[in-house]
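Colleague: Build me a structure from this.
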Amino acid sequence: YQNFTLFKLDEKIFHKKHSLFYNFPLPFKNPHKEGILKLILYKDGRYEFQQSALKQNSNDILLLSDDKINSKSDNLYHKSSLRTFYNQHSYKWQQNLCYDIAFFNEKDELCEGSRTNLILEKNTQFYTPQIQSGMLNGVYRNFLINLGLIKEKALFKQDLFEAENIYC
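Modeller: Predicted coordinates for the structure are as follows:
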C-alpha cells in the first residue's frame, strides 16, 4: 500500500472484489449499494443496525467554523450520539451549501470536520491534525497513519491556506 495515492488506496480498499463487507450479511431487505451503516449499542447490551443512503454532495467548499471545540472534552474521543455541537452546523452540508465544516479548538488548532477527518497535502506530504487537538479518531484516518501514509501534526488555519490539497 505504500506506493498508492490516496485515491488508488481508497479504490483498492472499498472496491467490491477486495472488500470483506460486500459478503457480510446485513439485516436489511433492500440495502443501499453505497450508504451509511450505523451500529447503535445500548447500555443494556442491546444493539441495532440502521442504514441510510449516502448523500451525494457536489460542493467542494470547506467552511471554517468560529465555534471552538474543547479539546479536553472526553466526548470528542468516542463515537456517540452526543452530537449537538456538530448537528448545529450539519444543515450546511445537508443542504449542499458546503462539503463540510472544519472546527478548531481553544488553541486555534485544526481538529476535524463535522462529519469527516481532515487530511492536508503540503510538499508531497500528507498531514492530519494530532489526536490531542480534539477529534474522533476515524477508522480510515487511523489506518492511513498506521500505514505511514499520513502523519499527525498540530495544524492551524494557515496550514489550510497553504495546502496543495485538502481531503475530507
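
Colleague: now the helices for the chain?
Modeller: 6-14, 84-94, 139-146, 157-162 (DSSP state H).

Colleague: from the middle of its chain, how far away would the longest one be?
Modeller: Looking back up the chat, that one is helix 84-94. On the basis of Cα atoms, centre = their mean, to the nearest Å, helix 84-94 sits 14 Å off its chain's mean C-alpha point.

Colleague: Please export the alpha-carbon coordinates of that helix; PDB is fine.
Modeller: Coordinates of each C-alpha in helix 84-94 appear next as PDB, following Å, rounded to 0.1, in the frame of the first residue of the first chain:
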ATOM      1  CA  THR A  84     -25.500  18.600  19.400                       C
ATOM      2  CA  PHE A  85     -22.400  20.700  18.600                       C
ATOM      3  CA  TYR A  86     -22.000  19.200  15.200                       C
ATOM      4  CA  ASN A  87     -25.700  18.900  14.400                       C
ATOM      5  CA  GLN A  88     -26.000  22.700  14.700                       C
ATOM      6  CA  HIS A  89     -23.800  23.000  11.600                       C
ATOM      7  CA  SER A  90     -24.800  19.900   9.700                       C
ATOM      8  CA  TYR A  91     -27.600  21.600   7.800                       C
ATOM      9  CA  LYS A  92     -25.000  23.400   5.800                       C
ATOM     10  CA  TRP A  93     -23.600  20.300   4.100                       C
ATOM     11  CA  GLN A  94     -27.100  18.600   4.100                       C
END
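
Colleague: out of the helices of the chain, which comes closest to Q50?
Modeller: helix 84-94 (16.1 Å; Cβ to Cβ). (C-beta placed from N, C-alpha, C; glycine too.)

Colleague: From the contact counts, what lies against that closest one?
Modeller: Here helix 84-94 touches strand 62-69, strand 100-105, going by 3 or more Cβ pairs under 8 Å, 6 or more residues apart in numbering; DSSP states H and E.

Colleague: Which positions within it qualify as buried?
Modeller: F85, Y86, H89, K92, W93 (16 or more other Cβ atoms under 10 Å).

Colleague: Then stretch 51-66?
Modeller: N57, L62, L63, S65.

Colleague: show me where pLDDT drops low in the protein?
Modeller: Scanning the chain for pLDDT under 70 picks out 1-34, 76-82.

Colleague: Domain map for it?
Modeller: 20-54, 62-167 (automatic domain parsing).

Colleague: okay, the ones you listed, which one's buried deepest?
Modeller: Mean neighbours per residue, mean count of other Cβ atoms under 10 Å, is largest over these for domain 62-167, with a mean of 16.

Colleague: distance between the ends of that one?
Modeller: 10 Å (Cα to Cα, to the nearest Å).

Colleague: Also stretch 123-134?
Modeller: Termini of stretch 123-134 sit 25 Å apart (Cα to Cα).
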